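J.: when you get a sec, could you give me coordinates for this:
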Amino acid sequence: MTQIYYLLLLVLVAIGSSYVTTLLPRIKTRFSSFINARRNKITRRIEQLEMRVELHTRKDGTYLDKFDDLENQIENVAEKLTKKEQRLKYRIREEVKAYLKELQK
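T.: Numbers count the residues shown, from 1 in each chain. The predicted structure follows:
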């Protein structure tokens with residue numbers, strides 16, 4: 001009776017082994033991609049942090065110059081938009097006044 005159990009166990013192990021052997025390449029690639037993705041995330045974050053620290057600690061002021069240039073560009077765009085809005089409001093007022101004058105006639 002024990003021999004039947006051993007044979008049954010041997011057959012189950014053989015089937016399981018062959019099944020795992022067919023799946024092993026897929027499992028291996030997924031596991032390695034998971035590990036590499038984690039490693040890449042960490043290294044990318046470290047590189048970004050190092051770049052930020054480098055930009056903030058530069059003594060030649062290039063980062064600050066770029067920041068000032070961007071700030072000036074933003075101010076210019078904001079100025080242009082406010083002027084556009086003022087011109088549009090002025091034009092609308094003029095058109096309304098002209099329309100009201102026509103209605104009075």
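J.: domain-wise, how is the protein divided?
T.: 1-57, 60-105 (automatic domain parsing).
J.: redo those domains as a markdown table? Include mean pLDDT.
T.: Output for the domains of the chain, formatted as a markdown table (pLDDT from 0 to 100):
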| stretch | mean pLDDT |
| --- | --- |
| domain 1-57 | 84 |
| domain 60-105 | 85 |
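J.: just put the ones you listed in JSON lines and tack on mean neighbour count.
T.: Any C-beta I mention is one placed from the backbone N, CA and C, and that applies to glycine too. Below are the domains of the chain laid out as JSON lines (neighbours: other C-beta atoms under 10 Å):
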{"stretch": "domain 1-57", "mean neighbour count": "10"}
{"stretch": "domain 60-105", "mean neighbour count": "10"}
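J.: which stretches of this protein form helices?
T.: 2-57, 62-104 (DSSP state H).
J.: chain center to the first one, what's the gap?
T.: Relative to the mean C-alpha coordinate of its chain, helix 2-57 is positioned 26 Å out (C-alpha atoms, centre = their mean, to the nearest Å).
J.: again, but for the last one
T.: Helix 62-104 has its C-alpha centroid displaced from the chain centroid by 33 Å (C-alpha atoms, centre = their mean).
J.: what helices and strands are in contact with it?
T.: Helices and strands touching helix 62-104, as assessed by 3 or more C-beta pairs under 8 Å, 6 or more residues apart in numbering; DSSP states H and E, are absent.
J.: can you give me the angle that helix makes with helix 2-57?
T.: Orientation check (axes from the mean of the first three to the mean of the last three C-alpha atoms, to 10 degrees): helix 62-104 against helix 2-57 gives 80 degrees.
J.: distance of residue 17 relative to residue 8?
T.: For residue 17, the distance to residue 8 equals 15 Å [C-beta to C-beta, to the nearest Å].
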